[in-house]
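Colleague: here's a sequence, model it:
(4 chains)
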Protein chains: 4
Amino acid sequence: MNERAEEPGAGPAAPTLESLRQRLVDFAAVRKWEPFHTPKNLAAALTVEAGELLEIFQWLTPEQAAAVMSDPQRAHRVRDEVADVLAYLVQFCTAVGVDPLEALAAKIERNEERFPVPGSAAYVKPEVRE
Amino acid sequence: MNERAEEPGAGPAAPTLESLRQRLVDFAAVRKWEPFHTPKNLAAALTVEAGELLEIFQWLTPEQAAAVMSDPQRAHRVRDEVADVLAYLVQFCTAVGVDPLEALAAKIERNEERFPVPGSAAYVKPEVRE
Amino acid sequence: MNERAEEPGAGPAAPTLESLRQRLVDFAAVRKWEPFHTPKNLAAALTVEAGELLEIFQWLTPEQAAAVMSDPQRAHRVRDEVADVLAYLVQFCTAVGVDPLEALAAKIERNEERFPVPGSAAYVKPEVRE
Amino acid sequence: MNERAEEPGAGPAAPTLESLRQRLVDFAAVRKWEPFHTPKNLAAALTVEAGELLEIFQWLTPEQAAAVMSDPQRAHRVRDEVADVLAYLVQFCTAVGVDPLEALAAKIERNEERFPVPGSAAYVKPEVRE
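Modeller: Down below sits the predicted model:
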């Protein structure tokens, strides 16, 4: 993924989560916003931004929701709110010292045990599983 | 976990957002969960999980919140909810065809113009800025 | 509404919002929970509970969502989360000194001006209104 | 505010939750908004508005949060968001056929058993209670 030539003339390298994290840290530091970036405030801000993303969809029919990106204004809002959610998630993780990628990898592994694939040996039919 | 030694003695490779995204896609596909993964449902699920992360902090004092990761049970919940938020954000982005890293990079650039650094030529004192 | 006989032998009077508000105040006071009930904490708790209500619906089809109260377990959860949302809203209002009924009456009046009834003199077709 | 002389010819009586509920029903009916007011959409809208209320507080210190109503602009926003939360809660309850006051009364009763008053016979010290 994201294999971009680094030769002269090539565009900028694709951002990584870590490079963006560092930019967010610098952004807040130079504006002296760190005192506001407590885990509790950032968790609140994350929830607020997730709500703003949901707001775009709240009255849409399934068909309208599926076509959300074909409306340029809505598409811009979607990208904007996705960015805000990710920014606050990354800043929250920085504040508490959690690596979000490791956390997600570990969770996927737990979920693979918790929700066995239908047909696999570990699978128990939902109605039996209570 | 993540045991993917590429040579004897090497540690596991760190997951990338793209590798985790692909695992989430496969995870949902094999369980036939895709019909549920509409943009609207995923935006709702993202908001719900962000709320669950906030729940950990809602009654904590600033001091307790700052020390949240020194309590093993709370630390586990924090990592678990971070993973859920990131998982639904990534799945939402897949459903609407948005690259979250590109979206965040673009947003940081817009914010750098919107919130000039104090002391820079573009900076206008907040009270003047109204 | 809620006209219930007060004669001896009659059932309990229907609760009013004010009587419930007073019970919530007493409930928190006797447990010494007031220090936690800051406006910020209560706004966070309200959002968390609203998310828990939404969680019940997040993967339901429109048909399943419409029939939510015919499933006794889901019906209980719905009533439980409605109660939690209302409890925190009322406690928030108490903490900031707002009368929620007056606030809603004033908002309905503003909305009646903002969204004129189709066909009325004040109505402007949405596409014209930009 | 709340000047409500009770003599004949006096101003409007204080609103009740039921009278506001009826106004909201009429408001939506005359604008033909009912098809949008599904339980799922209203639960989403409720969460979004709760997030907007929380947004007012997200970066405030405890002192600033406690003084939120002494800033006229913030006070207006608080009342506005309280009204939106209550409006969507009431409309949600109408859509699913739940009486929010009865739901809250029942929940307070359950909570009185769940959280016995310190000093009462039923009280068990938290550390013992696990």
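Colleague: name the helix or strand for the residue sitting nearest the centre point of chain A, please.
Modeller: For chain A, residue A:86 is the residue whose C-alpha lies nearest the centre (CA atoms, centre = their mean; 4.5 Å). In this assignment (DSSP states H and E), residue A:86 forms part of helix A:72-96.
Colleague: quick one: buried residues of that helix?
Modeller: Neighbour counts using 16 or more other CB atoms under 10 Å in any protein chain shown place A:74-75, A:77-96 of helix A:72-96 among the buried residues. For the C-beta atoms, the positions are set from N, CA and C on the backbone; glycine is no exception.
Colleague: show me where chain A has its strands.
Modeller: Secondary structure of chain A (DSSP state E): no strands present.
Colleague: just the helices in it please.
Modeller: Secondary structure of chain A (DSSP state H): helices located at A:17-30, A:39-57, A:62-66, A:72-96, A:100-114.
Colleague: touching chain C at all, stretch A:87-102?
Modeller: No: judged by CB under 8 Å from any CB of the partner chain, stretch A:87-102 and chain C are separated, with a smallest distance of 14.2 Å.
Colleague: ok, and what's touching that stretch?
Modeller: A:17, A:20-21, A:24-25, A:28, A:37-39, A:42-43, A:45-46, A:49, A:103, B:14-17, B:20, B:53, B:68-69, B:78-79, B:82-83, B:85-86, B:89, B:104, B:107-108 (CB atoms under 8 Å, 6 or more residues apart in numbering or on different chains).
Colleague: how far does it sit from the chain's center?
Modeller: 11 Å (CA atoms, centre = their mean, to the nearest Å).
Colleague: one more: stretch A:77-93?
Modeller: On CA atoms, centre = their mean, the centre of stretch A:77-93 falls 7 Å from the chain's centre.
Colleague: what do you get for stretch A:100-120?
Modeller: That offset, for stretch A:100-120, works out to 18 Å (CA atoms, centre = their mean).
Colleague: cool, and stretch A:35-48?
Modeller: Distance, centroid of stretch A:35-48 to centroid of chain: 15 Å (CA atoms, centre = their mean).
Colleague: may I see the buried residues of it?
Modeller: Buried, per 16+ other CB under 10 Å, within stretch A:35-48: A:37-48.
Colleague: could you pick out which of the residues you listed are near chain C?
Modeller: A:44, A:47-48.
Colleague: residues in contact with the residue of chain A found nearest chain D?
Modeller: Proximity of chain A to chain D (CB to the nearest CB) peaks at residue A:51, 3.0 Å away. With contact taken as CB under 8 Å, 6+ apart, residue A:51 is in contact with B:47, C:47, D:47-48, D:50-52.
Colleague: make it 6 Å
Modeller: B:47, D:47-48, D:51 (CB atoms under 6 Å, 6 or more residues apart in numbering or on different chains).
Colleague: let's see stretch A:105-120 as CSV, backbone CA atoms only.
Modeller: Listed next in CSV are the C-alpha coordinates belonging to stretch A:105-120 (Å, rounded to 0.1, in the frame of the first residue of the first chain):
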residue,chain,number,x,y,z
ALA,A,105,-4.8,-5.4,16.0
ALA,A,106,-5.4,-6.9,19.5
LYS,A,107,-9.1,-6.2,19.3
ILE,A,108,-9.4,-7.9,15.9
GLU,A,109,-7.7,-11.0,17.4
ARG,A,110,-10.1,-11.0,20.4
ASN,A,111,-13.1,-10.6,18.0
GLU,A,112,-11.9,-13.5,15.8
GLU,A,113,-12.3,-15.8,18.9
ARG,A,114,-15.5,-14.1,20.0
PHE,A,115,-17.3,-14.4,16.6
PRO,A,116,-16.1,-17.6,15.0
VAL,A,117,-16.6,-17.9,11.3
PRO,A,118,-19.9,-19.8,10.4
GLY,A,119,-18.8,-23.3,9.3
SER,A,120,-15.7,-23.4,11.4
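Colleague: is the helix or strand bottoming out on mean pLDDT in chain A positioned near chain B?
Modeller: Lowest on mean pLDDT, DSSP states H and E among the helices and strands of chain A sits helix A:62-66, with a mean of 90. Yes: using CB under 6 Å from any CB of the partner chain, helix A:62-66 reaches chain B at residue A:65.
Colleague: sorry, back to before: contacting residues for the residue nearest to the centre of chain A?
Modeller: B:100, B:104.
Colleague: now residue A:34
Modeller: Per CB under 6 Å, 6+ apart, neighbours of residue A:34: residue A:28.
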